[in-house]
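J.: After the sequence you'll find the predicted model.
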Amino acid sequence: MGYRSDVRIITSKKGFNELDKYITKYLKGEKDWNLLHQLDVDKSNDYERYFGWNSVKWYENSEGFEDVDAVMSGLQHLEDKDLSFRYARMGEEYGDYDQKDYESENEKEQDLDYPSMIRGFDDDYMEEQIKRTQENSNEL
């Protein structure tokens, strides 16, 4: 199955459109590879767009992952164009987290929200595990 990550990005609406154009050009029109057309999360308001993927194989600079390289290269393109963005990736392991952001000097591109990440305890799961352990020990 491989290692999976959850990825979230926030851009201005203008930045999202620029990113989509860049990725389409980067992938030479291979629409099936454009991850922006395969979003698991997609929320927006009049100013910004929050989007991302859940449980995605996110290997940067690896052969066979041109779709990921297109997104990451696209974020650099946004910075080069002075368009703000926030990027965060959370891997399966607790300490596997990285982020990148760029704050434009252009006032219309400033003050994007930051992705919110919560790592919490799954108490319901643990309750079920404790019950199963008890049941198994009673069977012995």
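T.: Done, it's in.

J.: can you give me the helices in this protein?
T.: 13-26, 66-80, 123-139 (DSSP state H).

J.: And those helices, which one averages the lowest pLDDT?
T.: The minimum mean pLDDT among the helices of the chain belongs to helix 123-139 (a mean of 77).

J.: Just the CA coordinates for that one, please, in PDB.
T.: What follows is helix 123-139, C-alpha atoms only, in PDB (Å, rounded to 0.1, in the frame of the first residue of the first chain):
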ATOM      1  CA  ASP A 123     -11.000   7.200  22.900                       C
ATOM      2  CA  ASP A 124     -13.900   5.300  21.200                       C
ATOM      3  CA  TYR A 125     -11.400   3.000  19.500                       C
ATOM      4  CA  MET A 126      -9.500   2.400  22.800                       C
ATOM      5  CA  GLU A 127     -12.800   1.600  24.600                       C
ATOM      6  CA  GLU A 128     -13.500  -1.000  21.900                       C
ATOM      7  CA  GLN A 129     -10.000  -2.400  22.200                       C
ATOM      8  CA  ILE A 130     -10.400  -2.700  26.000                       C
ATOM      9  CA  LYS A 131     -13.700  -4.500  25.700                       C
ATOM     10  CA  ARG A 132     -12.100  -7.000  23.200                       C
ATOM     11  CA  THR A 133      -9.200  -7.600  25.400                       C
ATOM     12  CA  GLN A 134     -11.500  -8.300  28.300                       C
ATOM     13  CA  GLU A 135     -13.600 -10.700  26.200                       C
ATOM     14  CA  ASN A 136     -10.500 -12.500  25.000                       C
ATOM     15  CA  SER A 137      -9.200 -12.900  28.500                       C
ATOM     16  CA  ASN A 138     -12.600 -14.300  29.700                       C
ATOM     17  CA  GLU A 139     -12.400 -16.900  27.000                       C
END
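
J.: Give me the residues contacting that helix.
T.: Around helix 123-139, nothing counts as a contact under C-beta atoms under 8 Å, 6 or more residues apart in numbering. C-beta here means a position set from N, CA and C on the backbone, and glycine is covered the same way.
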